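Student: dropping a prediction and its sequence here:
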Amino acid sequence: MSFYLAIDAGGTKADYALVDENKILARVRSGTIKRMRVDAETAGANLDTAMQELASLSGVDLRSVVRTCVGTAGETVPLVTDWLQRELSAAVGGELLIVGDVEIALDAAFPGQPGILVLAGTGSNVAGRTPHGQIFTSGGWGPILADQGSGSRIGYEALRALFLAIDRGVETSLLAAVLRFWELDSVADLVAFANTAPSPDFSRLVRLVTDSAQQGDAVAQSVLHQQGWELAQLVILLLGRMRKHLNDESFAPRIAFAGSIMEKVHSVRDALLEAVKGSHPELEGIDGVIDPLHGAIWRARTGYAGAGAK
């Protein structure tokens with residue numbers, strides 16, 4: 001019997017599955033092991049805890065693992081890859097595949113097959129695979145440069161919209177909600193807090209933005225709709241690049257979704273689909289969201305390395 005390890009190294013958490021050829025033997029979750037978000041000591045402690053839990057739950061010696069696949073953002077950044085190679089080689093046997101987090105999500109929806117995957121959680125990214133295996137991406141440049149439709153962008157843009165509303169003399173329930181959430185007393189306190197360095201975690205504001213939108217707040221509704229629209233533009237741009245590469249304007253892959261925003265913030269997903277179908281009515285969205293860890297499991301079992309991103 002052969003054993004394989006799959007890891008989805010997200011920005012706020014990491015999911016792990018130890019599997020054999022047919023079934024999942026153990027699955028655990030830890031705090032993030034993403035070195036661009038936490039220091040080496042914290043990441044190492046989280047990884048060690050997960051490895052111990054997997055071994056305990058499965059009864060498997062992790063040195064007998066044949067192959068490990070890790071899906072992570074920053075898969076081309078030495079800080080990320082060097083740390084993963086060093087730490088995992090000390091804890092787990094076998095071959096190591098380090099690929100993008102969007103790639104394993106794409107594999108979870110379309111293992112080795114063409115399709116488009118929209119990932120929006122704390123961050124965001126869009127990836128598509130052609131029938132020949134080439135992977136194209138758009139977005140995913142981080143919270144300052146991109147991350148359209150993500151939790152970070154929703155929170156950040158909600159604050160910008162809130163202060164524009166103040167300047168315009170427009171009432172919005174977002175002000176009271178944000179002050180209450182961050183336990184602040186005034187607009188001046190909010191200005192100081194929002195401009196601190198390092199910045200607050202704006203993604204934590206998503207819940208109150210969605211609550212305000214559901215209660216009819218026009219400012220919050222506009223933020224969510226705009227973020228869905230912006231994410232749709234990445235899908236449309238990506239499709240255009242893929243069709244140009246294939247020289248096939250009829251190429252119409254299905255669209256799958258992953259991440260907490262795509263799962264829970266329906267107004268963002270609805271706005272995305274509305275904008276995409278307004279431009280390309282031939283495209284079909286898949287219901288629900290996929291679990292990226294299943295893509296890492298598939299890659300660990302098969303050793304699929306892909307044709308690379310463009």
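Tutor: Cool, the structure landed.
Student: only C-alpha atoms from now on, for both contacts and neighbour counts.
Tutor: Fine.
Student: which residue is most remote from the mean position of the protein?
Tutor: For the chain, the residue at maximal distance from the C-alpha centroid (Cα atoms, centre = their mean) is Gly169, at 35.8 Å.
Student: and the biggest helix by length in the chain, how far out from the chain middle?
Tutor: Across the chain, the longest stretch assigned as helix under DSSP state H is helix 218-246. When distances are taken as Cα atoms, centre = their mean, to the nearest Å, helix 218-246 is centred 16 Å away from the chain's centroid.
Student: please apply the same query to stretch 191-211.
Tutor: For stretch 191-211, the distance to the chain centre is 19 Å (Cα atoms, centre = their mean).
Student: try stretch 71-84
Tutor: That offset, for stretch 71-84, works out to 15 Å (Cα atoms, centre = their mean).
Student: name the residues that touch that stretch?
Tutor: 7-10, 34-36, 98-104, 296 (Cα atoms under 8 Å, 6 or more residues apart in numbering).
Student: so for that stretch, what gets flagged as buried?
Tutor: Gly71, Thr72, Ala73, Gly74, Glu75, Val80, Thr81, Trp83, Leu84 (16 or more other Cα atoms under 10 Å).
Student: can you redo these as TSV with secondary structure?
Tutor: As requested, the buried residues of stretch 71-84 are exported to TSV (DSSP: H, G, I helix; E, B strand; the rest coil):
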residue	secondary structure
Gly71	strand
Thr72	strand
Ala73	coil
Gly74	coil
Glu75	coil
Val80	helix
Thr81	helix
Trp83	helix
Leu84	helix
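Student: for Asp147, state which of those is nearest.
Tutor: Ala73 (12.3 Å; Cα to Cα).
Student: which parts of this protein are helices?
Tutor: With DSSP H as the criterion, the chain has helices spanning 40-58, 78-91, 101-109, 151-168, 174-181, 187-194, 206-214, 218-246, 260-264, 266-279, 292-302.
Student: hmm, back to that, quick one: which of the contacts of stretch 71-84 is nearest Val60?
Tutor: Ile7 (16.5 Å).
Student: for that closest one, list each beta-bridge partner.
Tutor: Listed by DSSP bridges, the beta-bridge partners for Ile7 are Tyr16, Val70.
Student: surely it meets Lys13?
Tutor: No - applying Cα atoms under 8 Å as the test, Ile7 and Lys13 come out as separate, 10.6 Å apart.
Student: between those two, which has more neighbouring residues?
Tutor: Ile7 (28 against 14; other Cα atoms under 10 Å).
Student: do you know the pLDDT at the more buried one?
Tutor: With respect to pLDDT, Ile7 scores 97.
Student: got it, and the one 5 residues further on?
Tutor: In this prediction, Thr12 carries a pLDDT score of 79.
Student: so it makes contact with Arg35?
Tutor: No - using Cα under 8 Å as the test, Thr12 is too far from Arg35 to be in contact (11.2 Å).
Student: neighbour count winner among the two?
Tutor: Neighbour tally, Thr12 and Arg35, criterion other Cα under 10 Å: the higher count belongs to Arg35, 22 against 14.
Student: now the more buried one: how far from Arg29?
Tutor: 17 Å (Cα to Cα, to the nearest Å).
Student: Gln52 too?
Tutor: Applying Cα to Cα, the value for Gln52 to Arg29 is 12 Å.
Student: try Phe163
Tutor: Distance from Phe163 to Arg29, by Cα to Cα: 38 Å.
Student: again with Gln214
Tutor: On the measure of Cα to Cα, Gln214 and Arg29 end up 31 Å apart.
Student: OK, contacts around Ala213?
Tutor: Val219, Ala220, Gln221.
Student: neighbour-wise, give me the winner out of these.
Tutor: Ala220 (27 neighbours).
Student: and that residue, what pLDDT?
Tutor: On the pLDDT scale, Ala220 gets 98.
Student: go ahead and confirm it touches Leu208.
Tutor: No - if you go by Cα under 8 Å, Ala220 and Leu208 don't touch, sitting 9.1 Å apart.
Student: okay, and the common contacts of these two?
Tutor: With Cα under 8 Å, 6+ apart as the test, Ala220 and Leu208 both reach Leu174.
Student: and Gln52 and Arg29? Which one has more around it.
Tutor: Each of Gln52 and Arg29 has its neighbours counted (other Cα under 10 Å); Arg29 has more, 19 against 12.
Student: now the angle between helix 292-302 and the helix or strand of the chain with the lowest mean pLDDT, please.
Tutor: Using mean pLDDT, DSSP states H and E, helix 101-109 stands out as the lowest-scoring helix or strand of the chain, at a mean of 89. Counting by axes from the mean of the first three to the mean of the last three Cα atoms, to 10 degrees, helix 101-109 points 80 degrees away from the direction of helix 292-302.
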